[in-house]
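Trainee: Sequence first, predicted coordinates after that:
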Amino acid sequence: MPLAAEFLPPAWPKGGMGQTIWANYAPRSAALRHLHATSRSEVLATPDGDHLRVHWNKGPTPQAPVLVLLHGLTGCAQSAQVLGLAEKGAAVGFTSVRVDLRNALGETPSVGVGHAGRSEDINTILDHVISRAPGRAIALIGYSLGGNVALKALGEMADQARPELAAAVTISVPIDLSAACTAIDAPDNWMFRRYFVTRLKRIVERRQRERRGQYGSIDLRDVDSIREFDGRLVAQLCGFDSAEDYYQRSSALAFIGDIHVPTLLIQAIDDPFVPFGAYENPAISANPAVSLLATRHGGHAGFWARRGTDSDRFWAEHRAIAFCRQRVR
């Protein structure tokens with residue numbers, strides 16, 4: 001069901017481009033650094049022989065509900081948006097588990113290729129959280145690519161989702177991967193495309209230096225678009241016929257209709273990477289477990305609000321925590 005939008009941007013940045021860029025530079029609480037420094041990390045083995053890293057920050061009580069937080073493309077558990085959610089969650093009584101997915105930019109134990117369809121990793125993470133915090137309610141929040149992974153997993157679970165999983169929120173998720181890739185590879189988005197492609201290639205180059213043979217003889221030096229990267233690396237190493245096959249099999253839109261866990265989708269109409277048409281699909285409006293909070297402005301994972309709206313003006317983070325808090329109760 002659609003929810004009434006209430007996001008009010010400042011006079012600048014107001015448009016999608018400005019919101020997207022400014023969110024990465026807007027001032028953050030100095031406590032975020034301490035939050036990461038005081039976390040406890042653990043490495044999880046995945047069924048296919050790979051590994052994930054999670055970072056635990058304890059809540060105020062031994063029975064505090066748990067937030068599982070997922071970053072976006074080329075991000076990591078130390079991304080400001082992820083730490084911002086952890087900080088806001090701690091303020092209202094949550095323990096947080098920040099995840100380094102397989103495609104994390106930072107130090108990662110993973111030797112595999114991360115991509116938007118790795119929903120099996122959500123099951124590994126949930127099993128770990130339940131084993132360490134038995135009986136405690138869990139809420140899942142994912143940004144961008146991490147949100148697609150989460151939604152796909154929730155749809156695959158359908159009515160067999162773990163009873164501990166009480167809520168999920170996604171922010172700025174490319175639920176139609178092909179459409180989103182076309183948008184980000186468009187000429188108008190050349191700056192963002194170059195940014196992501198450069199970071200993706202840097203991750204691969206670093207892994208090739210550190211772990212010889214991890215990606216075989218794949219050469220990405222001439223890759224200049226997300227679609228090329230996905231076709232050259234993700235498709236070849238992860239069992240897809242092509243980039244388009246990867247997008248079709250991994251897009252969360254095909255799984256949203258089967259979600260049973262109360263889920264909030266936060267999406268800006270002016271997101272420069274994610275065409276809003278995917279969010280008008282009947283599969284979303286027909287699912288009573290899924291709510292869509294659509295805003296006219298906000299960009300991609302931006303949502304920097306006008307002064308006085310929230311304590312730190314990161315509007316989507318406050319909405320996500322409020323939704324999880326309400327459902328966990």
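Mentor: Great, that's in hand.

Trainee: When you work out contacts or count neighbours from here on, use the C-alpha atoms and nothing else.
Mentor: Fine.

Trainee: Could you look up the SS state of residue 310?
Mentor: With DSSP: H, G, I helix; E, B strand; the rest coil as the basis, residue 310 sits in coil.

Trainee: got the contact list for it?
Mentor: residue 318 (CA atoms under 8 Å, 6 or more residues apart in numbering).

Trainee: again, but for residue 219
Mentor: Here residue 219 is in contact with no residue (CA under 8 Å, 6+ apart).

Trainee: Give me the secondary structure label for residue 67.
Mentor: Going by three-state DSSP: residue 67 is strand.

Trainee: Which strand residues bridge it?
Mentor: residue 96, residue 139 (DSSP bridges).

Trainee: Need the pLDDT of the closest residue to residue 289 other than its chain neighbours.
Mentor: Excluding its sequence neighbours, the residue lying closest to residue 289 (CA to CA, 6 or more residues apart in numbering) is residue 262, at 4.7 Å. Per-residue pLDDT puts residue 262 at 98.

Trainee: isn't residue 262 right up against residue 170?
Mentor: No. Residue 262 lies out of contact with residue 170 (CA atoms under 8 Å); the separation is 11.5 Å.

Trainee: Contacts only, for the closest residue to residue 15 other than its chain neighbours.
Mentor: In this structure, residue 15 finds its nearest non-sequential neighbour in residue 297, 6.3 Å apart by CA to CA, 6+ apart. Taking CA under 8 Å, 6+ apart, we find residue 297 in contact with 7-9, 14-16, 268-271, 303.

Trainee: follow-up on the earlier one: ok, the residue nearest to residue 289 - contacts?
Mentor: Counting by CA under 8 Å, 6+ apart, residue 262 has contacts 166-168, 289-291, 327.

Trainee: secondary structure class for residue 260?
Mentor: Residue 260 - assigned by three-state DSSP - is coil.

Trainee: Now it, what are its backbone angles?
Mentor: phi -110, psi -20 (degrees, to the nearest 10).

Trainee: mind listing what it touches?
Mentor: With CA under 8 Å, 6+ apart, residue 260 has these contacts: 154-155, 158-159, 161, 289.

Trainee: ok so, going back, quick check: the gap between the residue nearest to residue 289 and residue 288.
Mentor: 8 Å (CA to CA, to the nearest Å).

Trainee: Domain ranges for this structure, per the record?
Mentor: 2-176+252-328, 177-250 (automatic domain parsing).

Trainee: what comes up buried for stretch 201-216?
Mentor: For stretch 201-216, the neighbour count (16 or more other CA atoms under 10 Å) marks 201, 203-205, 207-208, 215 as buried.

Trainee: what do you get for stretch 182-202?
Mentor: Buried residues in stretch 182-202 (16+ other CA under 10 Å): 182-185, 192-194, 196-197, 199-201.

Trainee: and residue 35, how many neighbours does it have?
Mentor: 17 (other CA atoms under 10 Å).

Trainee: you'd agree it is up against residue 88?
Mentor: No. If you go by CA under 8 Å, residue 35 and residue 88 don't touch, sitting 11.2 Å apart.

Trainee: Pull the contacting residues for residue 40.
Mentor: 55-57.

Trainee: looking at the contacts of residue 262, which has the most residues close by?
Mentor: That'd be residue 168 among these, by other CA under 10 Å, with 27 neighbours.

Trainee: For the helix or strand where that residue lies, output the C-alpha coordinates as PDB.
Mentor: Residue 168 is part of strand 165-171 when elements are defined by DSSP states H and E. Backbone C-alpha positions of strand 165-171 (Å, rounded to 0.1, in the frame of the first residue of the first chain) are rendered in PDB as follows:
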ATOM      1  CA  LEU A 165      12.200 -11.600  11.500                       C
ATOM      2  CA  ALA A 166       9.700  -8.900  12.400                       C
ATOM      3  CA  ALA A 167      10.300  -6.200   9.800                       C
ATOM      4  CA  ALA A 168      12.300  -5.100   6.800                       C
ATOM      5  CA  VAL A 169      13.100  -1.700   5.200                       C
ATOM      6  CA  THR A 170      14.800  -0.900   2.000                       C
ATOM      7  CA  ILE A 171      16.100   2.500   0.800                       C
END
